[in-house]
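Asker: Output the structure for:
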Amino acid sequence: MQAWWESLSQILRILYCIAIPASLILVLQLLLAMMGGHHDAGIEFSDTSGIDDLNLDLDGDGIPDFDTPDIGTGSDGSNPADFGTLKLLSLQTVVTFLAVFGWVSIICISSGLANVISLLIGAVCGLCMMIIVARMVQATAKLAENGTLNLKNAIGETATVYIPIPPKNQGTGKVTLQVQGRFCELDAVNAGEETFQTGAQVLVSDVVGDTLVVEEC
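Answerer: I've put the predicted structure just below:
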């Protein structure tokens, strides 16, 4: 091994020092990903990208007189751009570039090509693979489902009264419905003057905090 190492040129030694560690990191990333222990989604913008709804209740009836829509993200707790911009610089892409650049350059130099040309070919191949990996990460991120429950997705849905809901301003009840594929039991207030009895079908018209505002279907 020592004789082989000493037989290498300085440029090949440098390339091996780049390619081998990068390849080991790639293998480690793959193993961690298979075990579900690796996540390199970058900065999560969902908690800071927008301003939550501003609900103003001027008459104290528990129902907002007017509200402003979310500013920022229009998706369900996901990245505001839904990873629409290509994230070229990440751990996966940089390591991929170094590994491909190193091995391709080594192969080219070993084949007798000039060092400069070999390094150029390696850099081009590494950059191409870097872009491919970035595209794959982008596509995977778009397919990832955000598990955060956003009650605003219940607006417009039909719910079933579980605990009777008294008339407007007289208390809360509970309803059951499907939100984001989940069966939920949620607090609800009445937007009208008629009591909704257990089993009645109601329409979710708004959300105030963690409470649904329902009305007759």
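Asker: Flag the shaky bits of the chain, pLDDT-wise.
Answerer: Using pLDDT under 70 as the threshold, the predicted model of the chain has low-confidence ranges 36-86, 141-147.
Asker: go again using 90 as the cut-off
Answerer: With pLDDT under 90 as the threshold, the chain has low-confidence stretches at 1-8, 26, 29-93, 133-154, 168-170, 178-184, 191-194, 209-210, 216-217.
Asker: which residues of it fall in strands?
Answerer: Counting by DSSP state E, the chain has these strands, from start to end: 54-56, 66-68, 158-163, 173-179, 182-190, 201-208, 211-216.
Asker: Of these, flag the one that's most buried.
Answerer: Of all the strands of the chain, strand 211-216 has the most neighbours on average by mean count of other CB atoms under 10 Å, namely a mean of 21. All C-beta spots, glycine's among them, are computed from the backbone N, C-alpha and C.
Asker: Dump the strands of the chain to JSON lines, plus distance to residue 99.
Answerer: Putting those into JSON lines (distance: least, CB to CB, whole Å) gives the following:
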{"stretch": "strand 54-56", "distance to residue 99": "49"}
{"stretch": "strand 66-68", "distance to residue 99": "49"}
{"stretch": "strand 158-163", "distance to residue 99": "53"}
{"stretch": "strand 173-179", "distance to residue 99": "44"}
{"stretch": "strand 182-190", "distance to residue 99": "42"}
{"stretch": "strand 201-208", "distance to residue 99": "49"}
{"stretch": "strand 211-216", "distance to residue 99": "52"}
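Asker: how about those, which one is nearest residue 35?
Answerer: When the strands of the chain are compared by CB to CB, strand 182-190 sits nearest residue 35, at 27.1 Å.
Asker: Give the pairing partners of that closest one; include direction for each.
Answerer: In the sheet, strand 182-190 lines up against strand 173-179 (antiparallel), strand 211-216 (parallel) (DSSP bridges).
Asker: So which residues make contact with the last one?
Answerer: The one in question is strand 211-216. Contacts of strand 211-216 with the rest of the structure, by CB atoms under 8 Å, 6 or more residues apart in numbering, involve 62-63, 151, 154, 159, 165, 172, 175, 186-192, 194, 196, 202-207.
Asker: Who are the packing partners of the lengthiest helix in the chain?
Answerer: Counting by DSSP state H, the longest helix found in the chain is helix 115-143. Contact partners of helix 115-143 among helices and strands, from 3 or more CB pairs under 8 Å, 6 or more residues apart in numbering; DSSP states H and E: helix 91-110.
Asker: Can you show me the CA trace of the helix it packs on as PDB?
Answerer: Listed next in PDB are the C-alpha coordinates belonging to helix 91-110 (Å, rounded to 0.1, in the frame of the first residue of the first chain):
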ATOM      1  CA  LEU A  91     -24.700  18.300   2.300                       C
ATOM      2  CA  GLN A  92     -25.800  15.700  -0.200                       C
ATOM      3  CA  THR A  93     -25.000  17.800  -3.300                       C
ATOM      4  CA  VAL A  94     -21.600  19.000  -2.100                       C
ATOM      5  CA  VAL A  95     -20.500  15.600  -1.100                       C
ATOM      6  CA  THR A  96     -21.800  14.200  -4.400                       C
ATOM      7  CA  PHE A  97     -19.800  16.800  -6.300                       C
ATOM      8  CA  LEU A  98     -16.600  16.000  -4.400                       C
ATOM      9  CA  ALA A  99     -17.000  12.200  -4.900                       C
ATOM     10  CA  VAL A 100     -17.800  12.400  -8.600                       C
ATOM     11  CA  PHE A 101     -15.200  15.100  -9.300                       C
ATOM     12  CA  GLY A 102     -12.500  13.100  -7.500                       C
ATOM     13  CA  TRP A 103     -13.200   9.700  -9.100                       C
ATOM     14  CA  VAL A 104     -13.700  11.000 -12.600                       C
ATOM     15  CA  SER A 105     -10.600  13.100 -12.400                       C
ATOM     16  CA  ILE A 106      -8.600  10.100 -11.200                       C
ATOM     17  CA  ILE A 107      -9.900   7.900 -14.000                       C
ATOM     18  CA  CYS A 108      -9.100  10.500 -16.600                       C
ATOM     19  CA  ILE A 109      -5.600  11.100 -15.300                       C
ATOM     20  CA  SER A 110      -4.900   7.400 -15.100                       C
END
